[in-house]
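Q: Got a sequence here, can you build the structure:
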Amino acid sequence: MVKRFMVWTYWEGEPPLVHEGPTESIYGIEGYFMQEVEKGNTSFSASHPDEAHVFFLPISVSNIVSRLYRPLVTYARDLLVTTVNNYTHLISHKHPFWNRTNGADHLLLSCHDWAPDISKENPDKQLYKNIIRALCNANKSEQFNPSKDVSIPEINLRASESSHPRQGQHPQNRSVLAFFAGGIHGSIRETLIQTWKGKDKQLQVYEQLPPNLNYLEMMERSKFCLCPSGFEVASPRTVEAIYAGCVPVIIADAYEPPFSDVLDWSKFSVRIPSEKIWELKKVLQSVEEGKYLRMQRRVIQVQRHFEVNRPAKAYDVFHMILHSVWLRRINISSIRA
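A: Numbers count the residues shown, from 1 in each chain. Take a look at the predicted model:
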């Protein structure tokens, strides 16, 4: 892939809705990816569209929502759909590339919760039928299709800074069985907090972390870090856990974890369906010590695949996203019906 894969970015459109995305917050992966592809000095940037394997639509769903959405007037998302539609129609009428594959070799990337609505609520149901969608909100119950769509990690980024993991405490010094701190944000978190908040010293679950405790330090001295879904399936805590050398416990339904084509999540994380939250302690205690140590060691091994580097480096999150896109590109036929 590194020697062959080329991405062409359309240059039509103006910031901030196109060619500019957030580079910080949980939506920061959107602007980060856009910068890495568009700056042109990465080996993956095509100098001419005829060289390209994939055509990137540099649309910022996050910026469209923040600039155009008017929650005090309407909750409708028509402006989001219309804005992206207009851009896509411009591209398809100006260039031949969309029409020759019905969009199957085109890429749209966003971490915003509303990104799936572009295709889900679109009045032209066929327009985005084939496009490769790289989404944090990788919910298989909401039309996320792992055979053509790409699940990307939700990472809470700081602007213009690289994001690197730390190994945290040695496994033998991790005295907390499991840890979570966060507000009620969706039914799964509500159930988790109602079931375990203040109920067990080994499962330290907080709705609000006490001032004498440090969030990152708690993750670094916990064996397992609870990563429940919020209103959407993805959680930045999954990557935070990996950064802290803590085995993620993914509490989500119909969620496709990032990079599942090449990473076997069963080797370094625990999956618990939402209806089993009440069994959480029993499940985690049943993980025998040898298996836990292997899982924790693998968490350290996969850390590099979730690193955010500026500029990007081999095997980091940017390369992993492109690799996932590459796998879907080589598996599509020249034209999808």
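Q: now the stretch 51-200 of the chain, which segments are flagged as low pLDDT?
A: By pLDDT under 70, the low-scoring segments of the stretch 51-200 of the chain are 71-75, 121, 123, 125.
Q: Quick check: residue 131 vs residue 153, distance?
A: Counting by CB to CB, to the nearest Å, the separation of residue 131 from residue 153 is 20 Å. The way it works is simple: take the backbone N, C-alpha and C, and place the C-beta from them, glycine included.
Q: For residue 102, which non-adjacent residue is closest in space?
A: residue 130 (5.0 Å; CB to CB, 6 or more residues apart in numbering).
Q: okay but the one you found is in contact with residue 98, surely?
A: No: counting by CB atoms under 8 Å, residue 130 stays clear of residue 98, with 9.8 Å between them.
Q: Would you mind telling me which of these two has more residues around it?
A: Neighbour count, other CB atoms under 10 Å: between residue 130 and residue 98, residue 98 has more, with 23 against 19.
Q: check which helix or strand covers the more buried one.
A: Assigned by DSSP states H and E, residue 98 belongs to helix 97-101.
Q: Wait, a helix at the residue nearest to residue 102?
A: No: per DSSP: H, G, I helix; E, B strand; the rest coil, residue 130 lies outside any helix segment and is coil.
Q: Got phi/psi on it?
A: phi -110, psi -20 (degrees, to the nearest 10).
Q: Tell me how far it lies from residue 51.
A: 21 Å.
Q: Kindly report the same for residue 180.
A: 47 Å.
Q: Please identify which of these two sits among more neighbours.
A: residue 180 (27 against 11).
Q: The more buried one sits in which helix or strand?
A: Here residue 180, judged by DSSP H and E, is contained in strand 176-181.
Q: Can you name the next helix or strand after that strand?
A: By DSSP H and E, the next helix or strand past strand 176-181 is helix 187-196.
Q: Quick check: next helix or strand after that next one?
A: Assigned by DSSP H and E, the successor of helix 187-196 is strand 203-206.
Q: what sits up against that next one?
A: Identification of contacts with strand 203-206 by CB atoms under 8 Å, 6 or more residues apart in numbering yields 176-182, 192-193, 196-199, 213, 218, 222, 226, 280-281, 284.
Q: do that again at 7 Å, thanks
A: Contacting residues not belonging to strand 203-206 are listed as 176-181, 192-193, 196-197, 280-281 [CB atoms under 7 Å, 6 or more residues apart in numbering].
Q: go on, stretch 54-72?
A: 7-10, 16-22, 27, 30, 34, 37-38, 79-80, 83-84, 87-88, 97, 105-108, 110, 112, 114-115, 325, 329.
Q: and the strand holding residue 180 with helix 187-196, angle?
A: 130 degrees (axes from the mean of the first three to the mean of the last three CA atoms, to 10 degrees).
Q: and strand 176-181, how far out from the chain's middle?
A: Here strand 176-181 is found 22 Å from its chain centre; the criterion is CA atoms, centre = their mean, to the nearest Å.
Q: Check which residues of the biggest helix by length in the chain are buried.
A: Secondary structure of the chain per DSSP state H: the longest helix is helix 78-94. By 16 or more other CB atoms under 10 Å, the buried positions in helix 78-94 come out as 80-81, 83-85, 87-88, 91-92.
Q: same deal with stretch 245-263?
A: 245-252, 255-259, 263.
Q: Quick check on the residue lying closest to residue 178 once chain neighbours are set aside: phi, psi?
A: Once flanking residues are discounted, residue 178 sits nearest to residue 224: 4.2 Å by CB to CB, 6+ apart. Here is the backbone geometry of residue 224 (degrees, to the nearest 10): phi -120, psi 140.
Q: counting contacts, what elements does the host helix or strand of residue 325 pack onto?
A: Using DSSP H and E, the element containing residue 325 is helix 317-331. Packing partners of helix 317-331 (3 or more CB pairs under 7 Å, 6 or more residues apart in numbering; DSSP states H and E): helix 28-38, strand 132-135, strand 150-151.
Q: The shortest one pairs with which strands, parallel or anti?
A: Read that as strand 150-151. Paired neighbours of strand 150-151 in the sheet (DSSP bridges): strand 132-135 (parallel).
Q: starting at the chain centroid, how far to the strand it pairs with?
A: That offset, for strand 132-135, works out to 10 Å (CA atoms, centre = their mean).
Q: Pull out the buried positions in stretch 143-154.
A: 144, 148-154.
Q: likewise stretch 320-330?
A: Those would be 320-326, 328-329, for stretch 320-330 by 16+ other CB under 10 Å.
Q: How far away from the center of its chain is that stretch?
A: That offset, for stretch 320-330, works out to 15 Å (CA atoms, centre = their mean).
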